[in-house]
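> what's the 3D shape of this:
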Amino acid sequence: MSLKRLERRRRSFRDQTIYRPLSQSSPQKGEFLSVKSNWKGDAAQASALPLVLAALIGMLASGVALSAEYQMESANLPVRQRQHPEADPTGFAYEGIMFYPSVLAGMEFDSNIYASSQNASEDMALVLAPELRISSDSEAVKHTFDLGASHRQYKSFDSENRTEAHARLTSARQLTTDVRLDTLFEAARKFEARGSSITVPDAAKPIAYRDLRAETTVTKTFNRLGVAVGGGVRSLAFEDGETFSGAPLEQGFRDGTIITASVKPFYEISPGYRAYSLLKVNRRDYEGTGSLDRDSEGYDARAGLEFLLTSMLFGSVDLGYLKQNYSNPLIPNADGLSTKANLNWLMTPLMTVSLFGSRQVAELAAQDQEARIDLTVGARVDYELRRNLIATVEGSYTNEDFAGSNREDDVLHIGTQIDYMMNAYCSFGLKYSYFERNSNNVDFSFDRHLVMLNVTAQY
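Modelled structure (predicted):
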């Protein structure tokens with residue numbers, strides 16, 4: 001690799017690691033440091049897998065060959081984050097603003113729709129997910145607005161029908177050459193996932209809730225030295241439900257407000273190596289009182305290193321201490337080791353290997369549950385079979401330790417995904433996921449298979 005290209009990669013490392021908002025939990029397109037994927041295997045009928053694979057492989061001949069120079073540049077980015085000019089949406093412009101509409105339609109198969117430990121029920125669902133992305137990009141500021149929804153219509157168990165929706169605005173503004181402001185505003189209506197350790201296991205319908213959040217981060221640099229200061233507010237409001245027997249499930253005690261603040265000083269030791277320290281504090285206020293009191297406050301202090309060992313091997317690792325104090329004397333405090341690590345290895349120009357791990361206090365507001373610390377490790381492999389055909393295999397393991405009780409859960413997730421980008425207007429996807437929860441309380445143990453076949457139309 002030329003020195004010029006390596007220097008360009010080093011600058012990309014600098015800009016895309018430190019300047020990303022501290023509270024941002026998932027990568028945007030073009031970012032390469034954060035490796036944990038938000039992909040979830042939603043589903044279609046498993047018996048269709050061999051036929052769909054054969055059909056996708058049969059369409060390989062339509063792949064578009066690009067210039068050797070472009071391929072070399074693309075090889076310096078993880079597989080899933082590369083641009084595909086022949087398949088990326090075209091969009092349409094209006095007064096300098098770009099609009100990118102899309103709609104996903106698919107069939108989902110779920111082998112255990114209630115995430116039950118016994119007598120699992122399976123079903124099929126029609127999935128519709130329209131979305132509109134609006135972006136405005138100038139030299140000084142970039143705005144991105146996402147508006148979308150996701151509806152699932154089940155064939156047999158209509159109690160599981162649900163429609164989620166979100167509106168999200170992210171902005172990145174370069175105030176001066178050495179000061180940057182990042183903000184995020186989001187409003188969403190969501191449903192708790194069946195099988196989560198905090199959801200009510202005998203709820204007749206998934207519990208719905210409203211999730212509002214606002215976050216901001218200011219980053220100031222002084223040559224090699226810099227500091228990022230951030231803060232956020234999140235508001236949660238849950239809807240009441242009922243059990244399968246018709247008994248009411250009041251969820252008002254879970255309504256609450258979560259306030260966070262963070263500071264991250266950093267220093268560029270040498271090109272490609274940046275040391276940092278990170279302090280996060282939080283306060284969680286919920287409506288519950290008495291035995292349902294879930295208020296708490298805590299902090300997470302770490303020190304770490306972001307590194308670019310070579311243009312093909314980069315990541316970050318930190319280590320520290322966390323503590324969460326609960327106002328309810330019946331809930332013991334949670335404390336101990338805090339850590340987060342990720343590593344990206346561009347093993348070949350066509351394959352990216354990602355490793356990740358973390359230990360943190362889980363967000364918690366649930367009846368009959370205490371503080372919980374999650375230890376997660378995982379890996380992901382992305383392989384570019386052709387320019388328009390990408391396959392992914394990933395797996396993760398999480399140990400959920402409930403402080404103050406003898407409950408301990410082990411959660412395993414294994415998934416695979418293949419995406420065929422036919423052209424700039426149409427793509428196909430096939431996803432499979434396996435989930436398994438093993439708990440020393442057998443009522444919470446289950447396994448689940450999810451398969452989804454979908455087509456996406458975009459412009």
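> list the contacts for Gly298?
281-282, 322-325, 334, 361 (CB atoms under 8 Å, 6 or more residues apart in numbering). Where C-beta positions appear, they are placed from N, C-alpha and C, glycine not excepted.
> of those, which belong to strands?
Cross-referencing those against strands under DSSP state E gives 281-282, 322-325, 334, 361.
> report the buried members of those.
282, 322, 324, 334, 361 (16 or more other CB atoms under 10 Å).
> columns pLDDT on top of those residues, output as a markdown table?
Listed next are these as a markdown table, based on pLDDT from 0 to 100:
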| residue | pLDDT |
| --- | --- |
| Asn282 | 95 |
| Leu322 | 94 |
| Gln324 | 91 |
| Ala334 | 86 |
| Val361 | 86 |
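> farthest pair within those residues?
The distance between the two most remote of those (CB to CB) is 12.3 Å, for Asn282 and Ala334.
> tell me where the model's unsure across the stretch 251-400 of the chain.
The model of the stretch 251-400 of the chain has pLDDT under 70 over residues 363-370.
> so what's the residue lying closest to Glu287 once chain neighbours are set aside up against?
Among residues not flanking Glu287 along the chain, Asp255 sits closest, at 4.6 Å (CB to CB, 6 or more residues apart in numbering). Contact partners of Asp255, counting by CB under 8 Å, 6+ apart, are 236-238, 286-287.
> mind redoing it with 10 Å?
Listed by CB atoms under 10 Å, 6 or more residues apart in numbering, the contact set of Asp255 reads 209-210, 235-238, 285-288, 365.
> same check, this time on Thr352
32, 35, 77-82, 312, 344-346, 380-384, 392.
> repeat for Thr398
If you count contacts by CB under 10 Å, 6+ apart, then Thr398 has 197, 358, 362, 374-378, 409-413, 437 around it.
> sec struct for it, please.
When classified by DSSP: H, G, I helix; E, B strand; the rest coil, Thr398 comes out as strand.
> report the beta-bridge partners for it.
Using DSSP bridges, the bridge partners assigned to Thr398 are Thr376, Val411.
> and Arg448, by the same measure?
Bridge pairing for Arg448 - DSSP bridges - gives Phe435.
> check it and give its pLDDT.
On pLDDT, Arg448 comes in at 96.
> any idea how far it is from Tyr420?
26 Å (CB to CB, to the nearest Å).
> in TSV, list the buried ones among the ones in strands among the contacts of Gly298 along with distance to Thr216.
TSV is the format used below for those (distance: CB to CB, whole Å):
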residue	distance to Thr216
Asn282	16
Leu322	23
Gln324	24
Ala334	27
Val361	23
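> from those, which is closest to Glu95?
Checking these one by one against Glu95 (CB to CB), the nearest turns out to be Asn282, at 40.8 Å.
> now the closest one: how far from Tyr434?
33 Å.
> go on, Leu346?
Taking CB to CB, one finds Leu346 at 27 Å from Tyr434.
> out of these two, which sits in the busier spot?
A direct count of neighbours by other CB atoms under 10 Å for Leu346 and Tyr434 places Leu346 higher, at 20 against 17.
> for that one, give me its contacts.
Contacts of Leu346 by CB under 10 Å, 6+ apart are 32, 75-79, 310-314, 352-353.
> Asp285 is in contact with Ser327, isn't it?
Yes. Under the criterion of CB atoms under 10 Å, Asp285 makes contact with Ser327 at 9.4 Å.
> how near is Thr183 to Thr217?
Taken as CB to CB, the span from Thr183 to Thr217 is 8 Å.
> neighbour count for the two, which is higher?
Of the pair Thr183 and Thr217, Thr217 is the one with more neighbours under other CB under 10 Å, namely 23 against 17.
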